[in-house]
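A.B. asks: got a predicted structure here, sequence first:
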Amino acid sequence: MTDELQTLAAMAGGDALAFARWASTAEPALRSSLRAFATSVDTEAVLQEALLRVWQIAPRFTHDGKPHALLRFAMRTARNVAVSEWRKLGKADQQEALEKHLAMEAEVGPITPDPKLREHIFRCREKLPGQPKAALEQRLMSGGADDDTTLAQRVGMTLNTFLQNFTRARKLLKECLEKAGVRLEEHVS
Amino acid sequence: MTREEELLLEQVTAAHRERHADGTIRSHPAWHDLDDAGKNEAFEATVELRKMEAAMDPQGQSSTVRAVLSRILKP
């Protein structure tokens, strides 16, 4: 818990990199907590909005003394954002489905990167054919800053060709990891 | 899944999202065009992709974390 308090103090002081380190460990659990909303809202948008709100609220956040206080707060925030977005989409009449979503409990706990995955993925990435590799590299370099149309133009592809190559890259990486005995599902909480 | 649906799914797996005028994050237009099975598949594909991205990044940051960090650091 000392680490968590130190992270909170750094975030309250405006340390964005401390926030990024915390967010990297919190993201899998946070995303998992939104699984029940997958057909109701765009969970990627909800997750990013929730992380931004955590950053904004961090200087005023009061730790309750229990483990993973910030992660638990982030999960509540993410669910509130999801429900709010759901209502905006005009689905507020589906009260029964909403209650089912909210009743689902998510596991609380940060997830640390698996060293075996890191070790194998570099080898698998090197084996990718040229076009899929180019599409993957564009997405990785962009880090969500640019849309796919922009990324496709940078590598001289149409949007559809870029997306097809990205799909291929994603599937080839997964197959390569599985051949190496790494199953991504095992690392997802 | 049809080829068109696969293209929609792949767009949804990206971390790039536009903003509303008030700064809040907009859902991806392609997400609205997927049916429920496609939305579930896009969710699971994104879970796996973010895990791979974090493993490939020297700082362990997925494109989601990088997108949010970029937003925070934007002057």
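C.D. replies: Happy to help now that I have it.

A.B. asks: those helices in chain A, which residues are they?
C.D. replies: All helices of chain A, identified by DSSP state H, fall at A:2-12, A:16-33, A:43-57, A:69-88, A:95-103, A:115-126, A:130-142, A:148-154, A:159-179.

A.B. asks: residues contacting the nearest residue to B:Ala67 once chain neighbours are set aside?
C.D. replies: Once flanking residues are discounted, B:Ala67 sits nearest to A:Gly144: 2.9 Å by C-beta to C-beta, 6 or more residues apart in numbering or on different chains. (Each C-beta comes from the backbone N, C-alpha and C, glycine too.) Residues near A:Gly144 by C-beta atoms under 8 Å, 6 or more residues apart in numbering or on different chains: B:Ala14, B:Ala15, B:His16, B:Arg17, B:Ser63, B:Thr64, B:Arg66, B:Ala67, B:Ser70.

A.B. asks: ok, now with 7 Å
C.D. replies: Counting by C-beta atoms under 7 Å, 6 or more residues apart in numbering or on different chains, A:Gly144 makes contact with B:Ala15, B:His16, B:Ser63, B:Thr64, B:Arg66, B:Ala67.

A.B. asks: same check on A:Ala78?
C.D. replies: Applying C-beta under 7 Å, 6+ apart, the residues near A:Ala78 are A:Leu30, A:Ser33, A:Leu34, A:Val46, A:Leu47, A:Ala50.

A.B. asks: quick check: the second one touching A:Met75?
C.D. replies: By that I understand A:Ser33. Yes - in this structure, A:Ser33 is within contact of A:Met75 by C-beta atoms under 7 Å, at 4.9 Å.

A.B. asks: which residues touch the residue most central in space within chain A?
C.D. replies: Most central in chain A under C-alpha atoms, centre = their mean is A:Glu27, positioned 4.8 Å from the mean C-alpha point. Each residue near A:Glu27 by C-beta under 7 Å, 6+ apart is listed here: B:Arg50, B:Ser62, B:Thr64, B:Val65.

A.B. asks: tell me the buried residues within the contacts of A:Gly144.
C.D. replies: Buried members of the contacts of A:Gly144, counted by 16 or more other C-beta atoms under 10 Å in any protein chain shown: B:Ala15, B:His16, B:Ser63, B:Thr64, B:Arg66, B:Ala67.

A.B. asks: which residues of chain B score low on pLDDT?
C.D. replies: Per-residue confidence for chain B (pLDDT under 70) gives these ranges: B:75.

A.B. asks: so which residues of it form helices?
C.D. replies: B:3-12, B:29-33, B:36-56, B:63-73.

A.B. asks: redo those helices as JSON lines? Include distance to A:Leu70.
C.D. replies: Below are these laid out as JSON lines (distance: least, C-beta to C-beta, whole Å):
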{"stretch": "helix B:3-12", "distance to A:Leu70": "28"}
{"stretch": "helix B:29-33", "distance to A:Leu70": "28"}
{"stretch": "helix B:36-56", "distance to A:Leu70": "19"}
{"stretch": "helix B:63-73", "distance to A:Leu70": "15"}
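
A.B. asks: against A:Phe166, how distant is A:Ala16?
C.D. replies: Using C-beta to C-beta, to the nearest Å, A:Ala16 is found at 28 Å from A:Phe166.

A.B. asks: pick out whichever of the two has more residues nearby.
C.D. replies: Neighbour count, other C-beta atoms under 10 Å in any protein chain shown: between A:Ala16 and A:Phe166, A:Phe166 has more, with 27 against 17.

A.B. asks: retrieve the pLDDT associated with that one.
C.D. replies: What the model reports for A:Phe166 is a pLDDT of 97.

A.B. asks: tell me how many other residues crowd B:Gly23.
C.D. replies: 9.
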